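Asker: generate coordinates for the sequence data below:
(2 chains)
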Amino acid sequence: MTRVLAFFALGLMSVLLFFATSGLPVLFDPASPAATHVSPRYIEKSHEEAGSPNFVTAVLADYRGYDTLGETTVIFTAGIATVFLLRAARRDKK
Amino acid sequence: MNRHFGTIVLGTAFRFLVPIIIVYGMYVLMHGEYSPGGGFQAGALFGIAIVLDRLVQGDDAMLNISGNTAIILAGVGTSIYAFVGVLTLLFGGNFLEYGVFPLDMIEGERHALGILGIEIGVTICVMATIIAIFDALTGKEG
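Answerer: The predicted model follows:
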């Protein structure tokens, strides 16, 4: 019974996702919202505003610097959690 | 890894490999604004260099960062990043608004300096996290 229910839920979910995908803009479409909102600003101004000829670095470290602080904190937290889990597993085995 | 298992072949090959990895990591960190790369990649390279050093030379390793020291160092790296943000707050700007540093440079160069500062923090954090996980796997805590 559970398997039938899971199968049904998966089918419903994929129908919904396929339906939603048909509403997305075409890949590499220059008129899509992602390409008309902030991208032109990054391409035109990032060299003088962020001092970096590399768009990726300018967005990562300057325009979206707060996001990258979060990413670094995630790496730090995940590392500490892994270390403590591994140490606890080793202590239990002894 | 408490004992080194360096034979003469391994010891000689390591003398060529580790300095090159460290120099390349430094290049990836410093050149991150101009080419692909940056703090995360440079941190992975430094982490690998130190793990390799400790694998071959054991406790006599010159770059002997291990266990709890590495965990503290990871926190220090994250704090350097946050400290750059607080520094811009103290100079009267927004959080991580590098343009407010009172230096006699053009706007873009001040931003480049701030980006280098946070990249150094990211590098230290990633490097120390890799070493800490390696030490947890090999069972060294000190």
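Asker: which helix runs longest in the chain?
Answerer: No chain specified, so I'll use chain A. Counting residues, the longest helix found in chain A (DSSP state H) is helix A:65-93.
Asker: chain B, not that one
Answerer: In chain B, ranked by residue count with DSSP H as the criterion, the top helix is helix B:107-138.
Asker: okay, buried residues for that one please.
Answerer: Buried positions in helix B:107-138, judged by neighbour count with 16 or more other Cβ atoms under 10 Å in any protein chain shown: B:108, B:110-112, B:114-136. The C-beta positions use only the backbone N, C-alpha and C, and glycine is treated the same way.
Asker: overlap between these and the residues near chain A?
Answerer: Filtering these for proximity to chain A by Cβ under 8 Å from any Cβ of the partner chain leaves B:108, B:110-112, B:114-115, B:118-119, B:121-122, B:125-126, B:128-129, B:132-133, B:135-136.
Asker: and the pLDDT at the residue in chain B that chain A sits nearest to?
Answerer: Per Cβ to the nearest Cβ, residue B:108 is where chain B lies closest to chain A, at 3.0 Å. On the pLDDT scale, residue B:108 is placed at 80.
Asker: what sits closest to it if chain neighbours are left out?
Answerer: residue A:51 (3.0 Å; Cβ to Cβ, 6 or more residues apart in numbering or on different chains).
Asker: ok, the one you found touching residue B:101?
Answerer: No: the criterion here is Cβ atoms under 8 Å, and residue A:51 misses it with residue B:101 at 11.8 Å.
Asker: more neighbours: which of those two?
Answerer: Per other Cβ atoms under 10 Å in any protein chain shown, whichever of residue A:51 and residue B:101 has more neighbours is residue A:51, with 24 against 18.
Asker: who are the contact partners of the more buried one?
Answerer: By Cβ atoms under 8 Å, 6 or more residues apart in numbering or on different chains, the contact set of residue A:51 is B:33, B:106, B:107, B:108, B:109, B:110, B:111, B:112, B:115.
Asker: who's in contact with the nearest residue to the last one once chain neighbours are set aside?
Answerer: This means residue B:115. In this structure, residue B:115 finds its nearest non-sequential neighbour in residue A:61, 4.3 Å apart by Cβ to Cβ, 6+ apart. Applying Cβ under 8 Å, 6+ apart to residue A:61 gives the contacts A:50, A:52, A:68, B:38, B:115, B:118, B:119.
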